[in-house]
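**Student:** Predicted model follows, preceded by the sequence.
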Amino acid sequence: MTGHIAAVDQGTTSSRCLIFDTDTGALVAAAQQEFPQHFPRPGWVEHDPSEIWTSVTDVMRKALAAADLEPTDLDALGITNQRETVVLWDRRTGEPVAPAVVWQDTRSDAIVARLTADGGQDRFRDRCGLPLSTYFSGPKIRWLLDADPELARRAENGEICFGTIDSWLIYRLTGEHLTDVTNASRTMLMNLRTLDWDEELCAAIGVPTAMLPTIRPSSDVYGTARGEFAGLTVAGALGDQHAALFGQGCFDPGDVKNTYGTGSFLLLNTGTDIVASEAGLITTVGYQLGDAAPVYALEGSIAITGALVQWLRDNLGLIKDAAEIETLAGTVDDNGGCYFVPAFSGLYAPHWRADARGVIAGLTRFVNKGHLARAVLEATAWQTREVVEAMRSDANLDIAALRVDGGMTANDLLMQMQADILDTVVIRPAIAETTALGAAYAAGLAVGTWNGVDELRSLWAEDRRWEPRKSRDDDYSQWRKAVERAKGWVD
């Protein structure tokens, strides 16, 4: 083995390539490149698959150059990616046949409404673990096929390939049409128990099985790259939040992590048990290592957390830089009775209310911009508490600590708020790049760089922890009042 392993982290707004030292897990080199976002109509969000591919090859090239390595100097490459985004391409030419429909896109709302009318929002939850929502891939695929009858005909004949972003990148690198279990579990088309495409789900949603990739474990050798990166082994893939779970070393039932980004995503390891949520969470595959049994997870998706700080900066102009919010919030001792529910496009877990909209509650003339800044930060911590309480209700597992990652964890005030509001220890890891690290771990296990998760445990280290200082239970009741006022705004 060479001592280096790489990961491509293909996100919603940028692509990154990171190279890690296999002995220490330390970051050796990194490159990042943004790519265009396309908004052709209200509610539509698109990417150009070719622009994504170009951005990925550019960052791979730059990271290798920064580390002074050739592709064959790497043990392997792992991939982690924005989930649910749909790419369709020509099986013969490899060229995209439509824009990529992004996970945020809501154009499939009429399809979801029709499917829901026939059996309710939880119609397919027992099979795939997911509520009916425009969030997931299946309805997006159906929309693309409905919009182009010739495309639908070709898809039925197997001439068109569907893939989430992991599949698209694996195909372009190796020529293989594959996906992993974590990404497949976000399509509404995979059966959680068989880990294969469910023919009844595919038929109900209207997705031809001929266009679907082969499902493989998250840690597995998928193929060898061709072209510019010839000889590089592609050996691991996980959706971004699953990769963060794995990179955080959440290998045991009860381990939970929260990634704080534009939104926030909590995943709780439930072991080999499929836990059906009765509290508004998603049941998903956490990861699968080779031939081992899959590890499942409960997930709580929060739509708006870091994006609320951006809103305060860009829409209200109360801060010039996102980092300034900690200073502004620190000018006051509490929120002044102010609560901010950022339901800008509805509420995700655990409420799943598309009719909700943003609310600022509890305003008096006493409230100033410092209180508002504090309420913005607390909104992230309160929403996280709602999801953690749902996890405790569903899984009946002790959550002793919350492992955290993502850009907002640099805000020490928010992390202390989170510990107080949860009444739980909050721990930030020494290596912040947990999403890419998880993909690198999966790839390394597949090729023998590491021998198992016990070896990976030794690479995880703590940077800082926050202990609870005071109870916020009384404030939580006020938060819940504010949430109720956000619901039912849209008729």
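**Tutor:** Received, thanks. Fair warning: this is a prediction, and the values are worked out from it, not measured in the lab. Numbering: from 1, shown residues only.
**Student:** can we go C-alpha only for contacts and neighbour counts from here?
**Tutor:** Noted.
**Student:** Return the set of buried residues in stretch 43-55.
**Tutor:** Across stretch 43-55, burial judged by 16 or more other CA atoms under 10 Å covers W44, V45, E46, H47, D48, P49, I52, W53, S55.
**Student:** Looking at these, spot the one nearest D23.
**Tutor:** Ranked by distance to D23 (CA to CA), these are led by S55 at 28.6 Å.
**Student:** what's that closest one in contact with, if anything?
**Tutor:** Applying CA atoms under 8 Å, 6 or more residues apart in numbering to S55 gives the contacts S14, S15, Q33, E34, F35.
**Student:** which parts of the helix or strand where the second one lies are buried?
**Tutor:** To tie it back to what came earlier, the one meant is S15. Assigned by DSSP states H and E, S15 belongs to strand 14-21. Residues S14, S15, R16, C17, L18, I19, F20 are the ones in strand 14-21 that count as buried (16+ other CA under 10 Å).
**Student:** Tell me which strands that strand pairs with, and in which orientation.
**Tutor:** Paired with strand 14-21 in the same sheet, following DSSP bridges, are strand 4-10 (antiparallel), strand 27-34 (antiparallel).
**Student:** Run the chain-centre distance for it.
**Tutor:** Centroid separation for strand 14-21 versus its chain: 17 Å, with CA atoms, centre = their mean, to the nearest Å.
**Student:** so where do the strands sit in the stretch 51-200 of the chain?
**Tutor:** With DSSP state E, counting those that start in this stretch, the ranges of strands along the stretch 51-200 of the chain come out as 77-81, 87-90, 100-101, 160-163, 178-180, 190-191, 196-197.
**Student:** Give me the below-cutoff pLDDT ranges for the protein.
**Tutor:** Of all residues in the chain, those with pLDDT under 70 make up the ranges 1-2.
**Student:** which residue of it sits farthest from its center?
**Tutor:** What lies farthest from the middle of the chain is R365; by CA atoms, centre = their mean that is 39.2 Å.
**Student:** how about JSON lines for the buried residues of strand 14-21, with distance to L422 added?
**Tutor:** What follows is those, written out as JSON lines (distance: CA to CA, whole Å):
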{"residue": "S14", "distance to L422": "32"}
{"residue": "S15", "distance to L422": "33"}
{"residue": "R16", "distance to L422": "32"}
{"residue": "C17", "distance to L422": "34"}
{"residue": "L18", "distance to L422": "33"}
{"residue": "I19", "distance to L422": "35"}
{"residue": "F20", "distance to L422": "33"}
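**Student:** isn't L169 right up against W53?
**Tutor:** Yes: between L169 and W53 there is a contact under CA atoms under 8 Å: 7.0 Å.
**Student:** From A303, how far out is V285?
**Tutor:** 20 Å (CA to CA, to the nearest Å).
**Student:** Equivalent analysis for T272, please.
**Tutor:** Distance from T272 to A303, by CA to CA: 28 Å.
**Student:** Ok, A30 next?
**Tutor:** For A30, the distance to A303 - CA to CA - is 28 Å.
**Student:** Please apply the same query to A419.
**Tutor:** Noted for A419: a distance of 21 Å to A303, by CA to CA.
**Student:** next one: G120
**Tutor:** G120 is 22 Å from A303, by CA to CA.
**Student:** With G337 instead?
**Tutor:** G337 sits 24 Å away from A303, going by CA to CA.
**Student:** So which of the buried residues of stretch 43-55 are in helices?
**Tutor:** Residues of these located in helices (DSSP state H): P49, I52, W53, S55.
**Student:** Closest to G129 out of these?
**Tutor:** Checking those against G129 with CA to CA, the nearest one is P49 at 28.0 Å.
**Student:** ok, what's across the strand from the closest residue to the closest one other than its chain neighbours?
**Tutor:** Nearest residue to P49, sequence neighbours excluded (CA to CA, 6 or more residues apart in numbering): A100, at 6.0 Å. Counting by DSSP bridges, A100 is bridged to H47.
**Student:** and the nearest residue to R464 once chain neighbours are set aside, how far is that from R465?
**Tutor:** Of all residues not flanking R464 in the chain, R428 sits nearest, at 5.4 Å (CA to CA, 6+ apart). Note on R428: its distance to R465, by CA to CA, is 6 Å.
**Student:** So between these two, which is more surrounded?
**Tutor:** R428 (22 against 18; other CA atoms under 10 Å).
**Student:** tell me the secondary structure for that one?
**Tutor:** At R428, secondary structure determined by DSSP: H, G, I helix; E, B strand; the rest coil is strand.
**Student:** Next secondary structure element downstream of the lengthiest helix in the chain?
**Tutor:** Within the chain, and with DSSP H defining each element, the longest helix by residue count is helix 369-395. On the C-terminal side of helix 369-395, the closest following helix or strand by DSSP H and E is strand 401-405.
**Student:** Not counting its own residues, what contacts the helix or strand immediately after that next one in the chain?
**Tutor:** Helices and strands here follow DSSP H and E; after strand 401-405, the next one along the chain is helix 412-422. By CA under 8 Å, 6+ apart, the residues outside helix 412-422 that reach it are 326, 330, 377-378, 381-382, 385, 388, 408-409, 425-426, 466-473, 476.
**Student:** Now with 6 Å, please.
**Tutor:** Identification of contacts with helix 412-422 by CA atoms under 6 Å, 6 or more residues apart in numbering yields A381, R385, V425, V426, W466, E467, P468, R469, K470, R472.
**Student:** Could you dump the residues you listed into CSV with distance to A297 and neighbour count added?
**Tutor:** Output for those, formatted as CSV (distance: CA to CA, whole Å; neighbours: other CA atoms under 10 Å):
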residue, distance to A297, neighbour count
A381, 21, 21
R385, 17, 18
V425, 21, 19
V426, 20, 24
W466, 25, 20
E467, 25, 17
P468, 26, 18
R469, 29, 13
K470, 30, 11
R472, 28, 16
